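Novice: one predicted model, sequence on top.
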Amino acid sequence: MKKLLGFGVLVGIFISLGCSCPPPKKHKDALLLNLEIAECVFIGDVIAVDSLNHRFTVRVTESLDGGDAEGNIYEGSYGDCNHRILKKEKWIFYGGYSGSDYFSPIGCGISRPYNSPKSTAISELLILPPPPDTYEQVDFSKYLDSCNIVQDQLAHKLLMEELHYLRTLRDF
């Protein structure tokens, strides 16, 4: 167990060395910054993934800024400062275009999988439930499960609030 934990810490350190993106303290701050930088904001289905070359293909399912037509298909890539796109799934993207059909998410941005929004690096999501009164009572696997549940619920709530805000801006 100690070896596995140590390996996880090392992997985290190496991944973090590839990019120096401090997580914003508030989701709202990250949202406003991404809106300021983004050329486009949309929900899309990732329909192809080449994780070896950090490339993907995405089909727009909903434009959140009114700039993309539903059904548009873009080739894209991500770098060290983006979330890894490893499988075909629905995402919310903040990014821009290089050429007419080439898309890149904002580095250090809040693009993330729609159905697992906890993957965004917002420090609000790092809140843990209070620990038990004594460590003798601790079943750490149950404690970690409760931490994940709290984080998942908060991440989902933030995503729903974000989508409501974006749709309100778009439809205004």
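Specialist: Great, that's in hand. None of these values were measured; they are calculated from a predicted model. Numbers count the residues shown, from 1 in each chain.

Novice: mind listing the helices for the protein?
Specialist: Per DSSP state H, the chain carries helices over the ranges 2-17, 27-37, 140-171.

Novice: residue 71: which of the ones you listed is closest?
Specialist: Residue 71 lies closest to helix 140-171 among those, at 17.3 Å (C-beta to C-beta). All C-beta spots, glycine's among them, are computed from the backbone N, C-alpha and C.

Novice: can you pull the buried residues of that closest one?
Specialist: Of all the residues in helix 140-171, those buried under the rule 16 or more other C-beta atoms under 10 Å are 151, 154-155, 158-159, 162, 166.

Novice: quick one: low-confidence parts of this protein?
Specialist: For the chain, the stretches with pLDDT under 70 are 1-19, 23-24, 100, 119-138.

Novice: list the strands paired with the longest strand belonging to it, with their directions.
Specialist: Longest strand in the chain, counting residues (DSSP state E): strand 40-50. Strand pairing for strand 40-50, determined by DSSP bridges: strand 55-63 (antiparallel), strand 90-97 (antiparallel).

Novice: mean neighbour count and distance to residue 26 added to those strands, as CSV?
Specialist: Converted to CSV, the strands paired with strand 40-50 look like this (neighbours: other C-beta atoms under 10 Å; distance: least, C-beta to C-beta, whole Å):
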stretch, mean neighbour count, distance to residue 26
strand 55-63, 19, 25
strand 90-97, 20, 16
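
Novice: dump those strands into CSV; add distance to residue 105 as well.
Specialist: Shown next, in CSV, are the strands paired with strand 40-50 (distance: least, C-beta to C-beta, whole Å):
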stretch, distance to residue 105
strand 55-63, 10
strand 90-97, 4
